[in-house]
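1. How does the following fold in three dimensions:
(one chain, ligands or ions: 1)
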Amino acid sequence: MCGIVACIIKDKAAPVLLDCVQRLEYRGYDSVGIATLSGDIYIKKNEGKIDDVQKKLDLTDIPGNMGIAHVRWATHGLPTGKNAHPHTDCKKRIAVVHNGIIENYNELKTILQNEGHIFTSDTDTEVIPHLIEKYMEMGNGLEVASRLATKDIQGSYAIAAISADEPNKIIGIRKESPLIVGIGENEFFLASDVPAILEHTKNVIYLDDNEMAVLDLDGVVIKDIDGNVLDKEINIIEWTADMAEKGGYNHFMLKEIHEQPEVIRNTLMEYPEIENVVSTFPEFNRICFVACGTSYHASLVGKYLFETMLGIPTDVVLASEFIFSEGALNAKTLVILISQSGETADTLRALKIANTKSETLAIVNVLGSTATREADHVIYTRAGPEIGVAATKTYVSQLTCIYMLAIAMDGNNNLLEKLQKVPGFMKNALAREDHIIQIAKKYKNSTDFFFFGRGFSYPTALEGALKLKEITYIHAEGYAAGELKHGPLALIDDDVPVLAVVPPGDRHDKTLSNVEEVKARGASIIGVGSSEDAALRLESDDIIGMDNDISEILSPIPYVVPLQLLSYYISIERGIDPDKPKNLAKCVTVE
Ligand code: F6R
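-> Alright, predicted model coming up:
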């Protein structure tokens with residue numbers, strides 16, 4: 001949801017800024033821009049994806065050893081060239097990039113316009129350089145002027161600002177939008193996320209809300225919003241730059257799907273840490289999962305698991321709706337927030353509410369992200385950086401953490417042993433890739449798709465439908481199989497493919513009856529079940545066979561793999577870039 005970068009280095013800044021911002025393209029790709037400082041401010045920016053803008057404009061062709069850059073996911077103002085960041089003040093002496101939303105920008109814009117400031121874009125961001133200009137004209141330096149500007153602003157922001165009147169200085173400020181400081185050898189960075197700067201440094205400071213970083217060639221000083229110097233910890237990032245590369249795959253998404261067996265192995269190594277976390281828990285009589293999107297689907301598996309294994313009443317609430325659950329929270333509730341990024345605005349808002357009444361646990365992929373700093377307890381999913389916009393490997397690592405949490409709370413080591421076999425099951429599922437490509441070719445022109453499953457397969461159906469919607473733009477619905485006859489069956493006819501998730505187990509026969517119901521209405525069936533399931537094979541037009549010994553309880557992890565691959569290949573067949581689906585961004589930092 002917009003990515004920002006800034007650097008002050010020994011050499012030319014623009015090529016480094018371009019490289020860093022390309023690594024943030026998963027956050028937004030409506031437009032891109034770079035501003036550098038070399039006496040004056042030089043800006044190149046335009047609408048479109050980075051590669052296209054680079055071909056047209058050569059964004060690296062501007063001088064100076066310091067600058068700021070931005071990829072945009074539009075909130076206020078169309079994704080046009082004039083709305084692309086960086087934005088400047090009236091005299092083009094100040095340039096700013098911003099991730100977040102300025103809620104009172106209309107009011108501020110009117111005040112500034114009445115004071116004579118000329119605006120050139122429709123963005124909320126443009127009020128920031130004009131506010132800084134106003135405060136610099138009152139005799140303040142860039143640092144104080146930036147601080148004063150943020151005091152006028154309501155909303156969320158990660159900002160990087162430079163001024164031609166104060167060369168060799170970059171200001172970064174954050175409130176409710178992520179911003180990290182990278183510390184290299186005589187070179188310093190700001191970025192929305194770690195992968196942007198991994199090539200240059202692994203030493204990172206995480207800014208908290210209302211903190212600012214002042215960068216120059218001698219170093220970085222972190223201050224609070226009143227200018228008091230803070231002593232912040234430098235974290236060493238374990239991720240490598242290679243982890244954020246495509247590594248020979250055509251897309252990040254395909255690479256990330258293929259990484260999943262290894263991701264599960266890495267995540268399983270967290271078990272002792274999870275046991276430690278569990279040992280500090282007080283007694284709970286209720287669990288409440290809170291998450292959005294794919295992380296919400298992982299939470300649904302958590303509900304089935306916690307209720308069947310532990311018998312603890314468990315709810316799953318969409319983070320954006322969590323405010324309505326506040327009244328039911330108390331000290332005996334464990335609130336578990338699931339988030340890949342740890343920066344999703346809805347989830348962070350829910351965490352703030354939950355922290356006032358209950359014990360909170362965040363299951364997060366991104367080290368040092370806001371959720372990890374604000375929750376009472378943290379469990380990391382060891383998935384490595386996920387660049388593809390559609391979540392894949394982080395979903396299965398979230399699931400693995402949820403299983404391990406339930407096992408640690410229940411002491412069921414038998415299930416832990418079974419979990420060790422899951423990477424092998426996933427490898428076998430990945431081996432069905434060629435067959436799935438053929439199925440993708442067959443169904444690529446469908447306009448509607450249904451996914452269904454019962455029990456542990458219901459979240460898998462929801463996740464399969466979400467993946468298809470996101471990266472193929474085909475309308476898809478995920479349903480609990482038993483619900484179909486309560487309405488959606490009316491939509492089933494010859495044109496609608498139905499993907500049925502039918503692992504062996506207690507729910508198998510009932511789900512198979514649902515398959516028969518839709519088949520009787522003319523649907524084409526894609527069955528995903530045991531390769532030894534003769535009954536499912538008989539009912540299915542196409543079958544994706546999984547290992548027979550995958551138990552129903554663990555099926556959500558391996559069974560999602562063919563659904564991810566099917567969406568990926570349908571996306572390719574339809575000529576869509578699955579890493580950059582339209583209108584979507586990797587990290588949703590606005591409510
Ligand atoms: C779907 C997807 C989104 C995210 C959702 C929550 O593929 O990626 O639905 O799952 O935006 O994001 P996190 O997990 O970062 O809180």
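
2. mind listing what the residue in the stretch 251-400 of the chain positioned nearest to the ligand touches?
-> Nearest to the ligand, among the residues of the stretch 251-400 of the chain, is Gly293, at 1.8 Å (Cβ to the nearest ligand atom). Any C-beta I mention is one placed from the backbone N, CA and C, and that applies to glycine too. Gly293 makes contact with Ala391, Leu466, according to Cβ atoms under 8 Å, 6 or more residues apart in numbering.

3. Distance of it relative to Lys109?
-> Gly293 sits 33 Å away from Lys109, taking Cβ to Cβ, to the nearest Å as the criterion.

4. how about the residues of the protein near the ligand?
-> Applying Cβ under 6 Å from any ligand atom, one finds that the chain approaches the ligand through 292-295, 339-341, 344, 347, 390-391, 466, 470, 587-588.

5. Mind doing that once more with 8 Å?
-> With the criterion set to Cβ under 8 Å from any ligand atom, the chain comes near the ligand through 291-296, 319, 338-344, 347, 365-366, 389-392, 394-395, 398, 466-467, 470, 584, 586-588.

6. Let me see the confidence value for the residue of the stretch 451-591 of the chain found nearest the ligand.
-> Nearest to the ligand, among the residues of the stretch 451-591 of the chain, is Val588, at 4.9 Å (Cβ to the nearest ligand atom). pLDDT, Val588: 81.

7. and it, what helix or strand is that in?
-> Assigned by DSSP states H and E, Val588 falls within no helix or strand.

8. tell me the domain ranges of this protein?
-> The record's domain split for the chain, according to automatic domain parsing, is 3-245, 249-420, 427-591.

9. Endpoint to endpoint, the first one covers what distance?
-> In this case it means domain 3-245. 18 Å (Cα to Cα, to the nearest Å).

10. Then stretch 264-274?
-> Counting by Cα to Cα, you get 15 Å between the two ends of stretch 264-274.

11. in it, what's buried?
-> Ile264, Asn266, Thr267, Leu268, Glu270, Tyr271, Ile274 (16 or more other Cβ atoms under 10 Å).

12. ok, the last one - contacts?
-> When you say that, I think you mean Ile274. For Ile274, the contact set (Cβ under 8 Å, 6+ apart) comprises Ile379, Cys401, Met404, Leu405, Ala408.

13. and these as JSON lines, adding pLDDT, secondary structure and neighbour count?
-> Putting the contacts of Ile274 into JSON lines (pLDDT from 0 to 100; DSSP: H, G, I helix; E, B strand; the rest coil; neighbours: other Cβ atoms under 10 Å) gives the following:
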{"residue": "Ile379", "pLDDT": "96", "secondary structure": "strand", "neighbour count": "26"}
{"residue": "Cys401", "pLDDT": "98", "secondary structure": "helix", "neighbour count": "26"}
{"residue": "Met404", "pLDDT": "97", "secondary structure": "helix", "neighbour count": "23"}
{"residue": "Leu405", "pLDDT": "97", "secondary structure": "helix", "neighbour count": "26"}
{"residue": "Ala408", "pLDDT": "96", "secondary structure": "helix", "neighbour count": "22"}
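
14. Nearest to Asp231 among those residues?
-> The nearest member of these to Asp231, counting by Cβ to Cβ, is Ile379 at 27.7 Å.

15. For that closest one, give its distance to Glu591.
-> 25 Å.

16. can you check Glu477 too?
-> From Glu477 over to Glu591 the distance is 26 Å, taken as Cβ to Cβ.

17. Between these two, which has more neighbouring residues?
-> Legend: neighbour count by other Cβ atoms under 10 Å for Glu477 and Glu591, higher for Glu477 (19 against 13).

18. The helix or strand harbouring the more buried one: which residues count as buried?
-> Here Glu477, judged by DSSP H and E, is contained in strand 475-480. Of the residues in strand 475-480, Ala476, Glu477, Gly478, Tyr479, Ala480 count as buried by neighbour count, 16+ other Cβ under 10 Å.

19. Can you name the element that comes right after that strand?
-> strand 497-502.

20. quick one: strands adjacent to that following strand?
-> strand 448-453 (parallel), strand 524-530 (parallel) (DSSP bridges).
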